[in-house]
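J.: Curious how this folds, go ahead:
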Amino acid sequence: MQRLPHADGWPHSLTTFSPDYARRTLLISLISVGMGFTVLFPVLAPLGREIGLTEVQITFIIGASALMVFLASPIWGRASDRFGRKRVLLFGLFGFAAGTVLFNSVLYAGMTGVLTGTVLFAALVIARMLHAAVMAASMPAANAYMADITTPENRTKGMGAAGAANNLGAILGPAIAGLAVISLLAPLWVMAVVALLNGLFVWRFLPEPPKPHPAGPHPAGPHPPEHSAPRKPPRLRYTDRRILPFVVVGVVMFSGMALVQQTMGFRFQDVLELSAADTAKAVGLAMMGSAVFSLLAQGFVVQRLTLPPFTLLKLAMPLLILAFTLMALVESQLWLTVAMMIQGFGMGLAGPGFMAGASLAVSPQEQGSVAGVAGSCGPLGFAIGPLLGGALYQFGPALPYVVAAGVYVLLFASMFWIGRRVTVHREPAA
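T.: Coordinates of the predicted model:
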């Protein structure tokens with residue numbers, strides 16, 4: 001009979017590690033992580049305008065923080081190999097809570113006039129980059145944890161489940177953004193509390209997974225951390241031929257997505273002539289719809305169909321091209337929301353394919369490293385996309401979406417050539 005893990009995160013003696021229990025606990029935690037990553041997007045565009053920032057300044061804040069996540073994610077991924085998934089995940093969760101308090105405090109200083117102009121902008125950039133540096137620990141550790149507790153045969157489904165949990169959080173995050181009708185900062189303060197509670201939940205209930213065996217997946221049974229001294233994990237380069245196809249696709253894909261996502265607040269507010277609070281509400285509803293359809297893709301299509309990771313990526317591209325084309329052409333709340341739902345479904349297919357494909361290309365001992373590298377492709381895209389999107393939006397409101405659609409057409413055309421370079425890691429026979 002199996003007992004639940006003790007408060008220190010490890011099963012009592014003579015009990016075995018339960019992947020099913022660990023998987024459920026991790027997925028519950030990822031719901032909160034998804035909330036944290038999405039609650040800011042509906043609020044920041046109208047809030048930034050309220051405190052006197054330009055579109056380029058607002059998107060620069062997101063871009064700078066994403067660049068920090070890009071730089072930090074591979075480091076955190078390797079750290080999770082060396083010091084344990086749970087320890088690094090906890091650092092990211094508690095760091096997210098503390099960083100949110102810091103960022104919210106600077107925003108409040110801007111709203112009350114204590115900080116203004118260049119000083120306010122610089123303080124927001126620094127606060128957000130510090131926030132990003134610590135919260136970057138969460139996703140590489142979580143993705144490596146999922147890789148540890150899944151076999152190669154069900155890796156794509158495991159990553160799909162993680163993505164589905166994250167998207168369930170992405171539904172709840174914009175819903176919390178609806179509190180902006182009370183105060184533009186209210187959703188962000190609520191999220192700081194949620195992140196703190198999530199950290200306490202993981203500390204209490206999530207066990208550290210056993211270390212991978214040198215010859216393959218981890219053996220069943222207890223494997224306390226004190227029995228295996230930390231060692232320096234293998235380091236993966238972005239140019240490693242095994243993962244290079246996924247790095248190329250990931251960076252381009254997330255750049256196009258970020259270019260669109262970070263300008264939709266401006267698009268809704270300008271086209272529909274909304275107030276700041278109404279903009280946050282409208283964008284929040286659209287993001288909820290996008291997350292619902294992403295959840296459908298990951299919870300039903302990915303889980304029920306056994307498709308190779310790169311096939312999922314190729315299926316997603318036409319849907320994303322259609323979504324961005326609609327965003328460029330339509331000017332009603334209904335159709336802008338429909339476009340975001342289509343985008344959500346496409347990314348729901350692409351995300352698990354991207355993460356699972358990179359994970360399957362390397363050995364079990366490199367899962368933390370590959371989670372860090374693959375996990376940093378999104379932040380790099382979100383560093384490039386918002387800066388480009390903010391500049392394009394000032395030239396023409398439809399330009400960000402036209403450019404995104406064009407980028408994805410080129411990516412889709414090249415994927416058949418890139419796909420021939422995709423490999424799957426095979427352990428040598430015993």
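J.: How about the helix or strand harbouring residue 76, which residues are buried there?
T.: Using DSSP states H and E, residue 76 falls within helix 55-83. Residues of helix 55-83 classed as buried by neighbour count (16 or more other CB atoms under 10 Å): 55, 57-81, 83. Where C-beta positions appear, they are placed from N, C-alpha and C, glycine not excepted.
J.: How far off centre is it?
T.: Mean C-alpha position of helix 55-83 versus that of the full chain (CA atoms, centre = their mean, to the nearest Å) differs by 11 Å.
J.: Give the other helices and strands that it contacts.
T.: helix 41-50, helix 85-111, helix 117-135, helix 138-148, helix 367-395 (3 or more CB pairs under 8 Å, 6 or more residues apart in numbering; DSSP states H and E).
J.: Lowest mean pLDDT across those helices, which one is that?
T.: Within the helices and strands packed on helix 55-83, confidence is poorest for helix 367-395, with a mean of 79 (mean pLDDT).
J.: If you compare the directions of that helix and helix 85-111, what angle comes out?
T.: 20 degrees (axes from the mean of the first three to the mean of the last three CA atoms, to 10 degrees).
J.: which of the residues in helix 367-395 are buried?
T.: Buried residues in helix 367-395 (16+ other CB under 10 Å): 367-390, 392-393.
J.: Go ahead and measure how far that helix is from the middle of the chain.
T.: In terms of CA atoms, centre = their mean, the centre of helix 367-395 is found 11 Å from the chain centre.
J.: now the angle from it to helix 117-135?
T.: Using the same axes, to 10 degrees: helix 367-395 against helix 117-135 is 160 degrees.
J.: same for helix 367-395, what does it pack against?
T.: Under the contact criterion of 3+ CB pairs under 8 Å, 6+ apart, helix 367-395 touches helix 55-83, helix 138-148, helix 244-261, helix 333-360, helix 399-419.
J.: Out of those helices, which one sits most buried?
T.: The highest mean neighbour count among the helices and strands packed on helix 367-395, using mean count of other CB atoms under 10 Å, belongs to helix 138-148: a mean of 29.
J.: next SSE after it?
T.: Sequence order places helix 155-177 as the next helix or strand after helix 138-148, per DSSP H and E.
J.: So what angle separates the directions of the helix or strand where residue 27 lies and helix 138-148?
T.: Secondary structure from DSSP H and E places residue 27 in helix 19-38. Computed with the same axes, to 10 degrees, the direction of helix 19-38 lies at 160 degrees from that of helix 138-148.
J.: Give me the buried positions along helix 19-38.
T.: Within helix 19-38, the residues scored as buried using 16+ other CB under 10 Å are 19, 21-23, 25-38.
J.: What are the neighbouring residues in contact with residue 104?
T.: 185, 188-189, 192 (CB atoms under 8 Å, 6 or more residues apart in numbering).
J.: which stretches of the stretch 201-350 of the chain have low pLDDT?
T.: 211-234 (pLDDT under 70).
J.: 50 - rerun?
T.: Residue ranges of the stretch 201-350 of the chain with pLDDT under 50: 214-230.
J.: what ranges do the strands span in it?
T.: Counting by DSSP state E, counting those that start in this stretch, no segments of the stretch 201-350 of the chain form strands.
J.: check contacts around residue 32.
T.: Contacts of residue 32 (CB under 8 Å, 6+ apart): 169, 194-195, 197-198, 201.
J.: Format these as CSV; extra columns: distance to residue 163 and neighbour count.
T.: Below are these laid out as CSV (distance: CB to CB, whole Å; neighbours: other CB atoms under 10 Å):
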residue, distance to residue 163, neighbour count
169, 11, 25
194, 20, 23
195, 20, 25
197, 22, 13
198, 18, 26
201, 20, 15
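J.: Pick the one among those closest to residue 295.
T.: For the contacts of residue 32, the residue nearest residue 295 by CB to CB is residue 169; the value is 9.8 Å.
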